[in-house]
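>>> Make a model of this:
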Amino acid sequence: MVHRLLQLFFLLFILAYYGCGTTSAVKQNYTFEDKQVFDLVDRLKKNPNDEEAKHLLPEAYRAALNKRDSLTDAKYYNLGGGDRHIALANEWLVMQHMYEAILSTPAAKEALPNPWDPSYKIQEEYNHAADEYYEQGVSNLNYNTREGAQKAYDYFVKANKAVPGYKDVKDLMAEAYDKSYIKVIVNPVNYYNNGYNFWGFQNDWLQQQMVRDLNFRSYRNVKFFNDWEARSQNIQPDKIVDLNFTRIFISQLFTQYYTLNRTAQIKTGETKTNPPRPIYTTVTATVYVTKRYMQSNATLQCRIYDAYSSRNSFYDNFSNTYNWEIQTATYRGDSRALTADDLRLINNSFVNEPRREDIADKLLRDSYNMLLSRINSRVSF
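The predicted model follows:
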C-alpha cells in the first residue's frame, strides 16, 4: 500500500513539474495503437454499455504495450546522454496516461482490471537521465573554463529538472553559474573632477542606473556590479567600466536687450467719393525686448576594459548641449502696429532661470542615454 502511494505521489509530482509542455510532447508520441486504446476508453466513458468497446479494449491495450516495447530502444538509439532517457520517459508517459484513463473510467477498468502501472519505469528513466546529465556537468566543470562552466550549468539544470535535488546538483549549479558569467564592475563616476554633490545630486545615481540598466538587459553570461558590491562580495572582475565627465559647463545667466520699431498702415475710414476709397493712418510702436539665456554642455567619456590586460573593449565620448532662453517684451506706442510675434513676447510670463542642478541632471541624463544606446547596439561583453 505504501509503495502504491509513493508511486502515485511520484506521478502527480511529475505531471505537476513538467506541466503542459510534457503533455504536448507525450501526445506527439502517440502511435496508431495508442490512439485506438484512447478512442475505446472515450467510447466507454460516453457509453459504459458499449460491449464492442469492452471486448476490443484488452487486445488493443496489449498491442499498444507490445508496440511501445519494440519502439523505445530502436527509436532513440542514436540519442545521447540524458536526452535519450528523457525521451524514453516521455514514451512511457504515454502508457501512464493510458493507465490513468483506464482507471478513471469504470467501464474500461471493468474490461481491463489490471493495466500495467509504468510509474516505476518512468522514475527509472528520470533517474538515469539525471545521472547522465550530472556526469556531463561534472566533466565540463572540471575543464575550469568559462565555456565549460556554462555547459556544466546547463547540464546541472537538466539534471535537477529530471530529479529535483539530485545529489549535490544545486551546489554544483551555484558553482558552475559563478564560474560561467563575466563579472563587470561599474566604477563611481568622475563628475568633472568634482563629487556628485557638487552638482546638487543626492547620490551617485548614474553609477547605480547603469548597473540596473545593464543587468535588466539580461546578458546571458554577464552580470554587473558597483564597486561597493564587488568589495563586499569579494568579486574579482573580468571587465571594468569607467565613467568620466571630461567636461561639464553650466553657464551664467546672460541678458540681452534690443528694440524693434514697428510701423503699420491702418484703415481708419473711407472717402465720400463714388466709389469710396479707404483712408489709411500710419501708426507706430516701439517694442523693448529682454532676452535671457544660458548655454551649457557636457561630455561623458566611457571606457570598458579587461581587468587583467587593460585592453579596451569600448572607448568613446558622448557630448550634448542644453540651451535655455526666455524672451519677454514691453512696448510704447500704438498697439495696432504690433505683429503677432510682438504680442507673443509681450504676453510671455516672466520665468525664473532653471536651477543649476536641473541643468546638470539633464546634461548627464542625455549623455548617459546616448551611451546606453551605443552599448546596447554595439558592445559585446
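>>> Contact partners for the residue nearest the centre of the chain?
In the chain, the residue lying closest to the centroid (C-alpha atoms, centre = their mean) is Arg217, at 5.3 Å. For Arg217, the contact set (C-beta atoms under 8 Å, 6 or more residues apart in numbering) comprises Asn376. For glycine as for every other residue, the C-beta is placed from the backbone atoms N, C-alpha and C.
>>> Phi first, then psi, for it.
Dihedral pair for Arg217: phi -70, psi -20, per degrees, to the nearest 10.
>>> now Lys291
The phi/psi pair for Lys291 (degrees, to the nearest 10) reads phi -110, psi 120.
>>> Quickly list what Gly269 is bridged to.
Beta-bridge partners recorded for Gly269 (DSSP bridges): Ile279.
>>> was I right about it contacting Ile279?
Yes: with contacts counted by C-beta atoms under 8 Å, Gly269 reaches Ile279, the gap being 4.2 Å.
>>> domain parsing for the protein?
Annotated domains of the chain cover 2-176, 182-381 [automatic domain parsing].
>>> TSV for those domains, including mean pLDDT?
Listed next are those as TSV, based on pLDDT from 0 to 100:
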stretch	mean pLDDT
domain 2-176	86
domain 182-381	92
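>>> Go through these and pick out the most buried.
Of all the domains of the chain, domain 2-176 carries the top mean neighbour count, a mean of 17, counting by mean count of other C-beta atoms under 10 Å.
>>> from the chain's centre, how far out does that one sit?
Relative to its chain's centre, domain 2-176 lies at 33 Å (C-alpha atoms, centre = their mean, to the nearest Å).
>>> Likewise for stretch 240-250?
So, by C-alpha atoms, centre = their mean, the centroid of stretch 240-250 is 28 Å from its chain's centroid.
>>> how close does Glu59 get to Pro118?
From Glu59 over to Pro118 the distance is 19 Å, taken as C-beta to C-beta, to the nearest Å.
>>> and if you look at Asn187?
58 Å.
>>> wait, what's in contact with Leu364?
Applying C-beta under 8 Å, 6+ apart, we find Leu364 in contact with 199, 206, 245, 248, 298, 300.
>>> now those residues as TSV including distance to Gln327 and secondary structure?
As requested, the contacts of Leu364 are exported to TSV (distance: C-beta to C-beta, whole Å; DSSP: H, G, I helix; E, B strand; the rest coil):
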residue	distance to Gln327	secondary structure
Trp199	28	helix
Leu206	33	helix
Phe245	31	strand
Ile248	27	strand
Ala298	25	strand
Leu300	31	strand
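>>> helix, strand or coil for Asn234?
At Asn234, secondary structure determined by DSSP: H, G, I helix; E, B strand; the rest coil is coil.
>>> Backbone torsions only: list them for it.
Here is the backbone geometry of Asn234 (degrees, to the nearest 10): phi 50, psi 50.
>>> gap between the residue nearest to the centre of the chain and Lys179?
Taking C-beta to C-beta, one finds Arg217 at 22 Å from Lys179.
>>> Ala152 against Arg146, yeah?
No: counting by C-beta under 8 Å, Ala152 sits too far from Arg146 to count as a contact (10.4 Å).
>>> Now for these two: what residues contact both?
Ser180.
>>> How about the contacts made by Arg356?
So Arg356 contacts 199-200, 250 (C-beta under 8 Å, 6+ apart).
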